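A.B. asks: What would the 3D arrangement of this be:
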Amino acid sequence: MSATGEFVSDIKEIRRRARQHLSEGAVTQNYGCNAEDAVAMLNHAVATEIVCILRYKFHAVCATGIASEAVKALTAYAIRQFRLSRVFAITFEWNPASARVLEKAGFTLEGRLRRSAIKDGQVVDQRQYAYIVPDRDTAQGGAP
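C.D. replies: You can find the predicted model right below:
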């Protein structure tokens, strides 16, 4: 709608008005929200969505019994892509299934992190596992 309240259907007029404030970018003077807060909320929403998708996919992978293969493939990709020398993962001490997934993927238990997390209101221990690239030659991958 225009300032007078009439609906504008002339495409040339619509384009002219759109170009009029183009240099101001996507956020104009009339934008009533704090742009930094809006970006923070969007980033949080995107991150939350990614985590939800990963959790859903992870449960699907675990249910089909291929979690170790998935962890192994992801570890190999990360090592090649980012030239890493080590990848680590942390599990709750009371979760032997996650520990077994990591062990089957080539990870080694490095240690117990005593009283290092809060889960369901309880202070719990965790275990730290790592995959260490055998030699730093990541050109060959060095992956599990």
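A.B. asks: quick one: contacts for residue 119?
C.D. replies: Residue 119 makes contacts with residue 92, as judged by Cβ atoms under 8 Å, 6 or more residues apart in numbering. C-beta here means a position set from N, CA and C on the backbone, and glycine is covered the same way.
A.B. asks: cutoff 10 Å now
C.D. replies: For residue 119, the contacting residues are 92, 94-95, 126, by Cβ atoms under 10 Å, 6 or more residues apart in numbering.
A.B. asks: Please spell out which residues along the helix or strand where residue 127 lies are buried.
C.D. replies: Per DSSP states H and E, residue 127 falls inside strand 122-132. The neighbour-count check on strand 122-132 (16 or more other Cβ atoms under 10 Å) flags 124, 126-131 as buried.
A.B. asks: For this structure, which segments count as helices?
C.D. replies: Chain-ordered helices for the chain, with DSSP state H as the definition, fall at 11-20, 35-63, 67-82, 96-104.
A.B. asks: can you list the domains in the protein?
C.D. replies: If you go by automatic domain parsing, the domain ranges for the chain are 32-64, 67-140.
A.B. asks: returning to that earlier point: what would the buried residues of strand 122-132 look like in CSV with pLDDT?
C.D. replies: Below are the buried residues of strand 122-132 laid out as CSV (pLDDT from 0 to 100):
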residue, pLDDT
124, 92
126, 92
127, 94
128, 93
129, 93
130, 93
131, 94
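A.B. asks: can I get these in CSV with distance to residue 65?
C.D. replies: Below are the buried residues of strand 122-132 laid out as CSV (distance: Cβ to Cβ, whole Å):
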residue, distance to residue 65
124, 26
126, 24
127, 22
128, 25
129, 20
130, 24
131, 21
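A.B. asks: Would you tell me which one of the residues you listed comes nearest to residue 71?
C.D. replies: Distance to residue 71 across these (Cβ to Cβ) is lowest for residue 131, with 9.0 Å.
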